[in-house]
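Engineer: sequence and predicted structure below; questions after.
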Amino acid sequence: MKNTLFNASIEKLVSQTKKQIWVAYSGGIDSHVLLHLLATSEQAKLRPIQAIHIDHGLNPESVKWAQHCALVSAELAVELTIAKVNVADIDKLGLEAAARAARYNAFEQHLSENDLLLTAQHQQDQAETLLLQLFRGAGPKGLASMASQFQLGEATVLRPLISVKQSDILAYAEQHKLEWIEDPSNIETRWNRNYIRHNVLPEIEKRWPSAAKTISRSAENCAEANELLTELAQHDLKVVLEDDLSDYLSIPKLLALSPARARNLIRHFIELKELSLPSSAVLQGIIDEVCLAKQDSVPMLSYADVEIRRFQEKLYFMSPLAEHDVHQIIKCTNTDDLKINDHLTLSWQQTEGQGLKEELITAGLTIRFRQGGEQIQLDNQVHHKTLKHLFQEWQVPPWQRDRIPLIFSDDNLVAVVGFAIAKDASIAVGKQGYTPITELLKSF
């Protein structure tokens, strides 16, 4: 029974890994079987197995469940870590997704790059996940369902039972007379997964007994298709990006791709920026309402916690802009780091042949933001130029212009942070100066 349950390739990987092996142990039958398999294996004799139990605090019996897990772990000579979590954003995410987010966040906090976490999802779980994604209208990435291996922060997560039938897990548990927790919420069909588990999949399996296996195979095929789409997007990204450091896509180059490749690339770029993925309708809206908007407009499309903006044939993806007080004035009399607001800190970098004079800084400066009408004279320039015209020359997106710190000596603009320093305020060639720098956050 053990050989049929524990995939040979995973068993080989586990036996050869130098990482500390952990089991995500809920107390239910699936994780109990996985824990028992590992704790009684030859691997456990070479290196102790550890388990981690997440107490979501959602059921009045959760304390008793944790006690049960502690008892079982002790009987198997497995060290158990119990982590209590606060399940937040239930109204926004739904109970199942919110609990999962809290659970995996706890895993990430407790595990390091030297750890390998095994979870007990099986073949039927995979089939349920694909059906859920199918009913949501997911594409290949969503239909790929649960990966057999993935990274969680610095740790690696494996699902060694992902191809194992639920009936085999039950048979193993009965053979070894295991005792497990039955979570009453698992039978509540108001939850979509439970509805599929109890009402949909059993009816499908009456007609197609091997449905869970074949559906899981479809998930593997979708995972492979998604891998190919990712490779295509990576290829297209090299063409559409202006350079490796660009945080925007070139709209003309993007629209030169076929519509399907353009949408695939946009989805991939959004994922790279760790923003929420758009629906199909929003994805098409990015093309129609932003990329194809009138040339003299600065359109913006928003969804979830994402804003898509266009400026001068460039497509920007960002989190919503944070609140910003353009009227604040901050004094500066030294070269220490200076907090501008909750999103920005100004630092001084010592530079040779460029930057502000130290005596100018110690005499007292003020940090302000654009009000309109500011002017500055740059090196090799006879006359002052307005900040408005310089921002246009520098191709600074309009939504960033009022957020760029400006440095004044009295009422004279001596530096536009990240862009320029006034001619009269610059140090001489060969001398040491101080250049103001900031790290612009995603919401800036």
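Structural biologist: Arrived safely.
Engineer: can you give me the strands in the stretch 201-350 of the chain?
Structural biologist: 248-250, 300-303, 306-311, 314-318, 330-332, 338-341, 344-352 (DSSP state E, counting those that start in this stretch).
Engineer: give the rounded mean pLDDT of whatever helix or strand comes next after the longest one.
Structural biologist: What that stands for is strand 344-352. Sequence order places helix 358-362 as the next helix or strand after strand 344-352, per DSSP states H and E. For helix 358-362, mean pLDDT rounds to 89.
Engineer: who are the packing partners of helix 358-362?
Structural biologist: strand 432-438 (3 or more Cβ pairs under 8 Å, 6 or more residues apart in numbering; DSSP states H and E). Where you see a C-beta, it was placed from the backbone N, CA and C, and this is true even at glycine.
Engineer: looking at the strands of the stretch 201-350 of the chain, which is nearest to Ile215?
Structural biologist: The closest of those to Ile215 is strand 300-303. By Cβ to Cβ, the value is 30.1 Å.
Engineer: backbone dihedrals for the residue nearest the centre of the chain, please?
Structural biologist: Compute the mean C-alpha point of the chain, and by Cα atoms, centre = their mean the closest residue is Glu274, 4.2 Å away. Main-chain torsions, Glu274, degrees, to the nearest 10: phi 60, psi 40.
Engineer: okay, it and Asp305: tell me how far apart.
Structural biologist: Glu274 is 11 Å from Asp305, where distance means Cβ to Cβ, to the nearest Å.
Engineer: equivalent analysis for His110, please.
Structural biologist: Counting by Cβ to Cβ - His110 and Asp305 are separated by 27 Å.
Engineer: out of these two, which sits in the more crowded spot?
Structural biologist: Neighbours per residue (other Cβ atoms under 10 Å) separate His110 from Asp305, with His110 holding more: 16 against 11.
Engineer: next up, the contacts around the more buried one.
Structural biologist: 52, 81, 83 (Cβ atoms under 8 Å, 6 or more residues apart in numbering).
Engineer: so the second one: helix, strand or coil?
Structural biologist: Read that as Thr81. strand (DSSP: H, G, I helix; E, B strand; the rest coil).
Engineer: Leu131 is nearest to which of the strands of the stretch 201-350 of the chain?
Structural biologist: Closest of the strands of the stretch 201-350 of the chain to Leu131 is strand 300-303, at 25.4 Å (criterion: Cβ to Cβ).
Engineer: which elements pack onto the closest one?
Structural biologist: Contacts defined by 3+ Cβ pairs under 8 Å, 6+ apart place strand 300-303 against helix 280-285, strand 306-311.
Engineer: buried sites along the last one?
Structural biologist: Which is strand 306-311. Within strand 306-311, the residues scored as buried using 16 or more other Cβ atoms under 10 Å are 306-311.
Engineer: mind putting those residues in CSV, pLDDT and distance to Gly433 included?
Structural biologist: CSV is the format used below for these (pLDDT from 0 to 100; distance: Cβ to Cβ, whole Å):
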residue, pLDDT, distance to Gly433
Val306, 93, 39
Glu307, 94, 37
Ile308, 95, 39
Arg309, 94, 35
Arg310, 94, 37
Phe311, 92, 32
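Engineer: out of these, which is nearest to Phe269?
Structural biologist: Once Cβ to Cβ is applied, the member of the buried residues of strand 306-311 that ends up nearest Phe269 is Ile308, at 10.5 Å.
Engineer: might you report the residue contacts of the closest residue to the closest one other than its chain neighbours?
Structural biologist: Once flanking residues are discounted, Ile308 sits nearest to Leu301: 4.6 Å by Cβ to Cβ, 6 or more residues apart in numbering. Leu301 is in contact with 282, 285-286, 289-290, 307-308, counting by Cβ under 8 Å, 6+ apart.
Engineer: buried subset of those residues, written for PyMOL?
Structural biologist: Restricted to buried positions by 16+ other Cβ under 10 Å, the PyMOL selection for the contacts of Leu301 reads:
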select buried, resi 282+285+286+290+307+308
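Engineer: nearest to Leu344 among the contacts of Leu301?
Structural biologist: Among these, and counting by Cβ to Cβ, the member closest to Leu344 is Glu307, at 18.4 Å.
Engineer: so for stretch 27-40, what gets flagged as buried?
Structural biologist: So, applying 16+ other Cβ under 10 Å, buried residues of stretch 27-40: 27-39.
Engineer: would CSV of those with distance to Trp208 and pLDDT be doable?
Structural biologist: Compiled in CSV, the buried residues of stretch 27-40 are given as follows (distance: Cβ to Cβ, whole Å; pLDDT from 0 to 100):
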residue, distance to Trp208, pLDDT
Gly27, 32, 94
Gly28, 26, 95
Ile29, 24, 96
Asp30, 23, 96
Ser31, 28, 96
His32, 29, 96
Val33, 26, 95
Leu34, 27, 94
Leu35, 32, 94
His36, 31, 93
Leu37, 29, 90
Leu38, 33, 90
Ala39, 36, 90
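Engineer: so which of these comes closest to Pro48?
Structural biologist: Closest to Pro48, out of all of the buried residues of stretch 27-40 and judged by Cβ to Cβ, is Ala39, at 9.0 Å.
Engineer: next one: the closest one from Ile49, what distance?
Structural biologist: Where Ile49 is concerned, Ala39 sits at a distance of 5 Å (Cβ to Cβ).
Engineer: now do the shared contacts for those two.
Structural biologist: By Cβ under 8 Å, 6+ apart, Ala39 and Ile49 have these common neighbours: Val78.
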